[in-house]
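Asker: Give me coordinates for this.
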Amino acid sequence: MTTELLHVPTSTLKWNIRQLYWDVLWFGILAGSTLAFQAVYAVRLGATGLQIGLMSAGPAVIGLMFTLPSGRWMEGKSLIKVSFQSSVWQRLGYLVLVALPWIFPSPKGQVWGLIWTTLVMSIAGTVLAISFNAMFAEVVPPEWRAPAAGRRNIIMAISITLTTLVSGQILDLVAFPLNYQVVFLVGAVGALLSSYHLGRIRKPDRTIEVDDPPEVKVDAIKLEVKRKSLLRLDLLLGPFGIFMLSYLVFYAFQYFPIPLFPIAYVNKLQMTDGMIGLGTAIFYGAMMAASFRLGYVSNKYGHRIFYFVGCGDYAARIT
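Answerer: Down below sits the predicted model:
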C-alpha cells in the first residue's frame with residue numbers, strides 16, 4: 001500500500017473524526033456543569049467526607065467489579081454500537097440528578113440519592129470506558145490519533161472553560177436548589193448530545209489493494225479476529241504490566257485527597273460557586289494552551305514523553 005493511502009483520510013475517517021470532535025464538545029459541557037459541581041452540591045447539602053469519598057471511590061470499586069466481565073461480554077460485538085448504547089444508559093442518570101430535589105425532599109435524602117445514582121451509572125460507565133477506548137483505536141488509524149487527540153483536548157478545554165464560567169454565574173445568581181437543577185439540566189443535555197454523535201460514527205473502511213504484499217493482506221484479514229479479544233491478560237507479564245502498575249500507583253495517590261477539595265472549598269475557604277467555576281476554567285484554559293501543539297510534539301518525540309510532564313486529567317476529577 002502506498003504512503004499516500006496511509007496519510008490521506010477517507011471520507012469515512014473524516015466523518016468519524018468530525019463526530020468525535022462533536023462528541024467531546026458536548027462532553028465538555030457535561031464536565032463543565034454537572035461533573036464540576038455535583039460534589040460541591042453534595043457539600044452544600046451537608047455531605048460528610050465519607051459520603052464525598054463514596055462518590056469518588058464508589059465508581060472505581062464498581063469498575064473493578066465489572067471491568068473483566070464487561071470486556072468478556074464485549075468480545076465479538078460492535079464497539080461502535082456498544083459505546084453508543086452504554087453511553088446512553090449511563091448518561092440517562094444525569095436526568096435523575098435534575099429531579100433530586102423533587103424525589104427526595106430532605107437534604108440527607110438528596111445526598112444518598114446522588115451517591116446511589118452515581119454508583120448505578122458507573123456500571124454502564126465501565127462498559128463505556130472500555131468500549132470507547134477500543135472503538136477510538138479501531139476507527140482512528142495510528143497516524144491520525146495524535147492530531148485527533150490533541151484537537152479533542154483543545155475542543156474539550158474550550159467547552160469546559162466556557163461552561164464552568166457560565167455555570168458558576170448561574171449558581172451565584174439563581175436561588176438554591178433551582179440553580180443546581182438548571183446546571184444539571186445543561187449537563188444532561190450535553191451528555192445525551194455527546195451520545196448522539198457517538199451513535200453516528202461509522203464502521204471504518206477495510207480495503208485490501210490488489211498490489212499489496214501478502215503480509216498486508218493477511219494482517220487485514222486477521223484484524224477483526226484479533227479485535228475480538230479485548231482482554232489480553234498475557235500482556236500484563238511484560239512491560240505493559242509495569243505500565244499498568246505505574247498507573248495504579250499514580251491514580252491511587254492522585255485520588256486520595258479528592259474528597260477533601262469540595263469540603264475545603266465550601267466549608268473552609270467559603271468560596272462561592274462562581275469562584276470555584278473560575279478556578280476550574282483557569283485550569284482548562286492552561287490545558288487548552290498546552291494542547292495546541294500536542295499533535296506536532298507527539299508525532300515528533302513520541303507519546304511517552306507526556307507521561308513525565310503534567311498530571312493529565314487531574315482537575316477534571318477533583319470536584
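Asker: Pull the distance from stretch 143-151 to the chain's centre.
Answerer: 16 Å (C-alpha atoms, centre = their mean, to the nearest Å).
Asker: buried stuff in it?
Answerer: Of the residues in stretch 143-151, those scored as buried under the neighbour-count criterion (16 or more other C-beta atoms under 10 Å) are 144-151. Any C-beta I mention is one placed from the backbone N, CA and C, and that applies to glycine too.
Asker: Distance to residue 162 and secondary structure added to the residues you listed, as JSON lines?
Answerer: Output for the buried residues of stretch 143-151, formatted as JSON lines (distance: C-beta to C-beta, whole Å; DSSP: H, G, I helix; E, B strand; the rest coil):
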{"residue": "144", "distance to residue 162": "27", "secondary structure": "helix"}
{"residue": "145", "distance to residue 162": "26", "secondary structure": "helix"}
{"residue": "146", "distance to residue 162": "25", "secondary structure": "helix"}
{"residue": "147", "distance to residue 162": "23", "secondary structure": "helix"}
{"residue": "148", "distance to residue 162": "22", "secondary structure": "helix"}
{"residue": "149", "distance to residue 162": "21", "secondary structure": "helix"}
{"residue": "150", "distance to residue 162": "19", "secondary structure": "helix"}
{"residue": "151", "distance to residue 162": "17", "secondary structure": "helix"}
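Asker: and which of those is nearest residue 119?
Answerer: If you rank the buried residues of stretch 143-151 by distance to residue 119 using C-beta to C-beta, residue 149 comes first, at 29.6 Å.
Asker: Which one of the buried residues of stretch 143-151 is nearest to residue 250?
Answerer: Within the set of those, residue 149 lies nearest residue 250; the separation is 19.1 Å, counting by C-beta to C-beta.
Asker: contacting residues around residue 183?
Answerer: Contact analysis of residue 183 by C-beta atoms under 8 Å, 6 or more residues apart in numbering lists 33-34, 37, 167, 170-171.
Asker: can you rerun that using 10 Å?
Answerer: When contacts are counted by C-beta atoms under 10 Å, 6 or more residues apart in numbering, residue 183 touches 32-34, 36-38, 41, 97-98, 163-164, 166-168, 170-171, 174, 273, 277.
Asker: How much space separates it from residue 81?
Answerer: Computed as C-beta to C-beta, to the nearest Å, the residue 183 to residue 81 distance reads 31 Å.
Asker: Would you agree residue 62 is in contact with residue 90?
Answerer: No. Contact between residue 62 and residue 90 fails when scored by C-beta atoms under 10 Å: they sit 11.2 Å apart.
Asker: ok, back up a step: ok, so of the buried residues of stretch 143-151, who is nearest residue 201?
Answerer: Compare each of the buried residues of stretch 143-151 with residue 201 using C-beta to C-beta and the shortest gap goes to residue 148, at 12.5 Å.
Asker: With pLDDT and distance to residue 121 added, can I get the buried residues of stretch 143-151 in CSV?
Answerer: Written out in CSV, the entries for the buried residues of stretch 143-151 read as follows (pLDDT from 0 to 100; distance: C-beta to C-beta, whole Å):
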residue, pLDDT, distance to residue 121
144, 85, 31
145, 83, 28
146, 78, 31
147, 83, 32
148, 87, 27
149, 84, 25
150, 79, 29
151, 86, 28
